[in-house]
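Q: 3D, please:
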Amino acid sequence: MLKYLLCKEETELPRRKNIDIEQEKPKPSLKRRLFIWFINLVLLSGVALCGYVSVIYLRMPSLDSILHETRPAAVVFLDMNGNEIRSANRIMGTPVSTETLPPYVWQAIVAIEDKRFFQHGPIDIRGITRALFSNLASGRIASGGSTITQQTAKNIFLSREKKISRKVQELILSYWLENRFSKNQILDLYMNRVSLVGGMRGIDAASRVMFGVPATKMSIGQAAQIAAMLKAPTTYSPLKNPAKNIKRARAVLTEMVRQGYITLPQAQIAAQSLTAATPASDTNLYRYWTDFVMDELQSTLGAFESDMYVHTTLDTKLQDHIAAILPTMVGEYQGAVVSMTPDGAIRSMSGGADYQVSQFNRVTSPRQPGSAFKPVVYLVALENGMLPDTYVNDSPFAIGDYNPKNYNERYYGDITLATAFAKSVNSVPLKLTETYGIDSVLSMAGRLGVGTKLRREYSTVLGASEMSLLDLTNIYAVIWNNGNSVRPYSITKITDMSGNVIYERNPSEPIVVLQPATVEAMTALLADVIAPGGTGGRARAPGVLGGKTGTSNENRDAWFVGATSDMIYGIWVGNDDFAPMDSKVTGGTIPAEIFNKIVQ
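A: Residues are numbered from 1 along each chain as shown. Okay, here's the model as predicted:
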């Protein structure tokens, strides 16, 4: 028993000693506890930050899709001489790079926006520090520390939201850009994505709008002015605020000299060339045309996805001339003018007096041509052996209930075919149709390119079946093209942006529609119309070959189609709602006068 107690005591004593030792262990100090809490806070914050960044990253769009964004194919329209008229769906200028640009163009950008661009990484710690002290010293945000890489990231996202999440995305993308692309490639992205003018992106777009030249043709001074815009495109626009732009452009030139990109004499010469930008010409003058060509383009190619140049037949000098005349002549009415060469090349198209007021193209809109259709009937008569000096009888004529009168309700009795045509009497073409048959008239119209659109009735002879100004002018083009077939065309060639030909017009041999004797007699009749006593006398001018007037019922439409040695012009005047015009407005008044002003 005693042995047992002794053993028990021996075994319990150490345990009690351990307990005493644990109770005597000192507690962690306050500093230690704070340090542990700080470490835990840092770890938790790091985890939270990583989680936040991960969420932001997962919300980012595909980086590859950002770089290769889809957009409508841009179409650049060129005139007959290869000069740009305007563009459609164009949100970017022509792509440029450090390799294709004169060095001073991209050097101007680097000099003023990020002088250490080629030395630092995605962010410039030195630049941020410098900007911070500068802002503290001035008491305002006077400068920023964003690098070109960061600005490129911002431009790619095209977001101006002032949120922390967007800034985090910008930093992520900046590191991604620096890891994937070279500095030159990043600079290329920046130059092609920066938005400076009218929602269009890229320095090439800005150069074309501000100075009328592509970025590859900019001078040192122009490059400095474009670089000056980067800080605030509207504030430093050479178009809207030229004084501010020029002042900052001088700073750009100074930086270029300091950084060794150009010499002092080069900067001095460039500084003397700094000037306000000239507003671009009003491209609405060509909108009726480019809308028309766009429809032709889609008919030719169908759907298309690549950017392209469309070489057209437009003569911009003639278009500008006509666009200036038309609004001054039509007054309260609407008007339209189209011109084409004898082989069908459309040289101008004014579908209305003012595109901004109405985009409706009246050149392609069907209206009643009135007496302007009568040459079709007379061509049938000439083909059947009649001559300009053949006598016909002008007297009242009726077919059933259809008994149209002459315009002035006067009848001339026995007159020559030429006189009947010049005075545009109504009974003679009706009698000719009765003689040769309505089908002969419709067949002739078909040979001239408009037969399928006409009604088989006698009122068609006097122009009651609608046709467009373009179709009507095409009829006359066949006559003045020595009787050969004419198919109006607006596109000569289509290329991609690299100059590869996608489409090129390959005209077929024209078909002989009218024999030489018929053409000779018809051109003589058309010449008599503008001679004294003819309905088109007001169109007479040196070099004019002839023409024809037309007026529809109740003076709803007034027409004149005439020609010089190298051009056929079609003119229409009327109201869009088909309301009658003043009774004094006929094809021989306003339309003939417009023609006269155009050809003078």
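
Q: got the end-to-end distance for stretch 411-423?
A: End-to-end distance of stretch 411-423 (Cα to Cα, to the nearest Å): 11 Å.

Q: Repeat that for stretch 420-435.
A: 16 Å.

Q: Then stretch 413-420?
A: Rule used - Cα to Cα; the end-to-end distance of stretch 413-420 is 10 Å.

Q: And it, how far out from the chain middle?
A: Per Cα atoms, centre = their mean, to the nearest Å, the displacement of stretch 413-420 from the mean C-alpha position of its chain is 51 Å.

Q: Just the buried residues of it, please?
A: Judged by neighbour count using 16 or more other Cβ atoms under 10 Å, the buried positions of stretch 413-420 are Ile415, Leu417, Ala418, Thr419, Ala420. The C-beta positions use only the backbone N, C-alpha and C, and glycine is treated the same way.

Q: And stretch 397-411, by the same measure?
A: Buried, per 16+ other Cβ under 10 Å, within stretch 397-411: Phe397, Pro404, Asn406, Tyr407, Tyr411.

Q: ok, the third one touching Val428?
A: I take that to be Asn406. No. Assessed by Cβ atoms under 8 Å, Asn406 is found out of contact with Val428, at 9.7 Å.

Q: Common neighbours of the two, please.
A: By Cβ atoms under 8 Å, 6 or more residues apart in numbering, Asn406 and Val428 have these common neighbours: Asp394.

Q: Point out the ones among the buried residues of stretch 413-420 that are inside strands.
A: Among the buried residues of stretch 413-420, DSSP state E puts Ile415 in strands.

Q: With distance to Asn575 and pLDDT as new columns, can the buried residues of stretch 413-420 be given to me in JSON lines?
A: Converted to JSON lines, these look like this (distance: Cβ to Cβ, whole Å; pLDDT from 0 to 100):
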{"residue": "Ile415", "distance to Asn575": "34", "pLDDT": "96"}
{"residue": "Leu417", "distance to Asn575": "34", "pLDDT": "96"}
{"residue": "Ala418", "distance to Asn575": "33", "pLDDT": "96"}
{"residue": "Thr419", "distance to Asn575": "32", "pLDDT": "95"}
{"residue": "Ala420", "distance to Asn575": "30", "pLDDT": "95"}
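
Q: Next step: the buried residues of stretch 413-420 restricted to helices.
A: Leu417, Ala418, Thr419, Ala420 (DSSP state H).

Q: from these, which is closest to Leu387?
A: Leu417 (6.9 Å; Cβ to Cβ).

Q: any idea which element Phe560 lies in?
A: Using DSSP states H and E, Phe560 falls within strand 557-563.

Q: Tell me where the model's unsure across the protein.
A: 1-27, 47-71, 90-91, 127-145, 157-169, 199, 280-283 (pLDDT under 70).

Q: ranges for the strands of it?
A: Going by DSSP E, the chain shows strands at 75-78, 84-88, 195-197, 200-201, 308-312, 334-340, 346-350, 391-394, 413-416, 491-496, 501-504, 546-551, 557-563, 568-574.

Q: Turn those strands into a markdown table, columns for distance to Ala445.
A: Below are the strands of the chain laid out as a markdown table (distance: least, Cβ to Cβ, whole Å):
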| stretch | distance to Ala445 |
| --- | --- |
| strand 75-78 | 32 |
| strand 84-88 | 34 |
| strand 195-197 | 50 |
| strand 200-201 | 47 |
| strand 308-312 | 28 |
| strand 334-340 | 19 |
| strand 346-350 | 21 |
| strand 391-394 | 21 |
| strand 413-416 | 24 |
| strand 491-496 | 26 |
| strand 501-504 | 30 |
| strand 546-551 | 15 |
| strand 557-563 | 15 |
| strand 568-574 | 16 |
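
Q: Which one of those lies nearest to Thr234?
A: That would be strand 195-197 among these, by Cβ to Cβ, at 9.3 Å.

Q: The closest one packs against which elements?
A: Secondary-structure packing of strand 195-197 (3 or more Cβ pairs under 8 Å, 6 or more residues apart in numbering; DSSP states H and E): helix 203-211.

Q: got the contact list for the helix it packs on?
A: 84, 90, 92-96, 105, 109, 191-192, 194, 196-198, 200, 213-218, 222, 225-226, 229, 237-239, 277, 280.

Q: Could you check the angle it makes with strand 84-88?
A: 130 degrees (axes from the mean of the first three to the mean of the last three Cα atoms, to 10 degrees).

Q: which residues touch Val337?
A: Contacts of Val337 (Cβ under 8 Å, 6+ apart): Ile322, Leu326, Ser348, Met349, Ser350, Val363, Tyr569, Gly570, Ile571, Trp572, Ile594, Ile598.

Q: mind running it again at 6 Å?
A: Val337 is in contact with Ile322, Leu326, Ser350, Ile571, counting by Cβ atoms under 6 Å, 6 or more residues apart in numbering.

Q: What of Lys584?
A: Contacts of Lys584 by Cβ under 6 Å, 6+ apart: none found.

Q: Make a ChimeraX selection of whichever of the contacts of helix 203-211 turn out to be buried.
A: A single ChimeraX command selects the buried members of these (16+ other Cβ under 10 Å):
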select :90,92,93,94,96,105,109,191,192,194,196,197,200,214,215,218,222,225,226,229,237,238,239,277
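
Q: Now do the contacts for Val561.
A: Val561 neighbours (Cβ under 6 Å, 6+ apart): Thr473, Tyr476, Gly547, Lys548, Gly570.

Q: Those residues, buried ones only, as a ChimeraX selection?
A: Of those, the buried ones can be selected in ChimeraX as follows, counting by 16+ other Cβ under 10 Å:
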select :473,476,547,548,570
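
Q: Can you tell me which of the contacts of Val561 is nearest Leu514?
A: Distances from Leu514 to the contacts of Val561, taken by Cβ to Cβ, are shortest for Tyr476, at 11.8 Å.

Q: Brilliant, that's me finished.
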